[in-house]
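Colleague: show me how the following folds:
(2 chains)
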Amino acid sequence: MHVPDGFLDAPTSAATGVVAAAAIGVSLVKARKELDDRTAPMAGLVAAFIFAVQMLNFPVASGTSGHLLGGALAAVLVGPWTAVLCLSVVFLVQCLLFADGGITALGTNITLMGLTTVVVGWLVFKGLQLVLPKRLSLVPVQAGIGALVSVPVAALLFVALYAVGGTADIPLDNLATAMVGVHVLIGIGEGIITFLAVGAVLAVRPDLVYGARPVLARRELEIRTSTGAAA
Amino acid sequence: MRNLSTKWVLVGVGVVAVVLAGVVSRFASGSPDGLTKVSEDHGFAGTGRTHQGLFDGYGSLTGVIGVLVVLALAGGVTYLVRRRSRDERS
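Modeller: Numbering: from 1, shown residues only, chains lettered A, B, ... in the order given. Reported below is the predicted structural model:
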């Protein structure tokens, strides 16, 4: 979903640039609380992993492909604020080194594919964690569903930005239908990749999955309580 | 598999990233992505402008270089954020 220069007008691009810069600024402060002995070493590698997986376009419909965006994945692995920093680095490197996504559109791309997918992915993940049983095996499923939802929401936000500052006169309902339709399919891929990646780390070291901590803490509490009762 | 040391988990994630960027990326779909296809179908692909990046697109070598640059930058940023918060606590 990398937006090139020229799709959106200058004021809209500038506005998303301000949003992205503000989000990065807040994240630089808030990430301090997330970065500890477990998340800090993971953060750089999670960003590198997401960069690599973003290269892997998978076919979704005839003549169309999609790739991971990674907001939900990063948020569940290292925490949402750190995730915003990780994804911003990914889009910056893609823009400058690979001309993937426009220069004036960098703020738009960070806002759509970094910020939106992190916020939506994390909120859906936390919401599901709240209502479903606190089981470790559900963490990758919740992450996958958060990832699935985040992609069409980002696509819809692009349409909203296009409604404000699109440079061509396109019927917006057609654009919305097309964007959401194809990005639901891409979202399914996003969900599967997120499920597999979170599940893989969880299988070897559940404590390295930031989003699994409430479940782990609860489990330890239960073990302690039961030993306390036995004593 | 349980309780793999942190070092080996990190090495594992790193190796997977390099293999995906360097090898598996050759098998990636060459079709336009969702937004590009929609812009073609709806007649606004022409409004997009491309710029010159440092590399001429994603290849096995440039992909691996990209992975390493992202690792260095994201690792560096998070290291600095963490060091700053530690300094303030002490």
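Colleague: looking at chain B, what residue ends up closest to chain A?
Modeller: Closest approach between chain B and chain A, counting by CB to the nearest CB: residue B:75, at 2.7 Å. Glycine gets a C-beta too; all of them are placed from N, C-alpha and C.
Colleague: host element of the closest residue to that residue other than its chain neighbours?
Modeller: Leaving aside its sequence neighbours, residue B:75 sits nearest to residue A:44 (CB to CB, 6 or more residues apart in numbering or on different chains; 2.7 Å). Using DSSP states H and E, residue A:44 maps to helix A:39-54.
Colleague: now residue A:206: closest residue in space that isn't a chain neighbour?
Modeller: Here the residue nearest residue A:206, using CB to CB, 6+ apart, is residue A:212, at 5.2 Å.
Colleague: residues contacting that neighbour?
Modeller: A:76, A:136, A:139, A:202, A:206 (CB atoms under 8 Å, 6 or more residues apart in numbering or on different chains).
Colleague: elements contacting the longest helix along chain A?
Modeller: Taking DSSP state H as the criterion, chain A has its longest helix at helix A:172-204. Judged by 3 or more CB pairs under 8 Å, 6 or more residues apart in numbering or on different chains; DSSP states H and E, helix A:172-204 is in contact with helix A:39-54, strand A:58-61, strand A:64-66, helix A:71-78, helix A:139-165, helix B:6-22, helix B:34-41.
Colleague: quick one: pLDDT of the closest residue to chain B within chain A?
Modeller: Among all residues of chain A, residue A:44 sits closest to chain B, at 2.7 Å; criterion: CB to the nearest CB. With respect to pLDDT, residue A:44 scores 97.
Colleague: next, count neighbours for it.
Modeller: 25 (other CB atoms under 10 Å in any protein chain shown).
Colleague: so who does it touch?
Modeller: Taking CB under 8 Å, 6+ apart as the criterion, residue A:44 is in contact with A:86, B:70, B:71, B:72, B:74, B:75, B:76, B:78, B:79.
Colleague: before we move on, the earlier item: now the residue nearest to residue B:75: how far from residue B:52?
Modeller: 27 Å (CB to CB, to the nearest Å).
Colleague: who are the contact partners of the residue nearest to the spatial centre of chain A?
Modeller: Nearest to the geometric centre of chain A sits residue A:71, at 0.9 Å (CA atoms, centre = their mean). By CB under 8 Å, 6+ apart, residue A:71 lies in contact with A:83, A:87, A:113-122, A:147, A:150.
Colleague: same thing but 6 Å
Modeller: By CB atoms under 6 Å, 6 or more residues apart in numbering or on different chains, the contact list for residue A:71 reads A:117, A:118, A:121, A:150.
Colleague: just residue A:156 next, same as before
Modeller: Taking CB under 6 Å, 6+ apart as the test, what residue A:156 contacts is residue A:180.
Colleague: mind checking the SS state of residue A:3?
Modeller: coil (DSSP: H, G, I helix; E, B strand; the rest coil).
Colleague: dihedrals phi and psi, the nearest residue to it once chain neighbours are set aside?
Modeller: Spatially, and ignoring its direct neighbours in sequence, residue A:3 is nearest to residue A:105 (4.4 Å; CB to CB, 6+ apart). Per-residue torsions, residue A:105: phi -90, psi 10 (degrees, to the nearest 10).
Colleague: low-confidence regions, chain B specifically.
Modeller: B:1-2, B:89-90 (pLDDT under 70).
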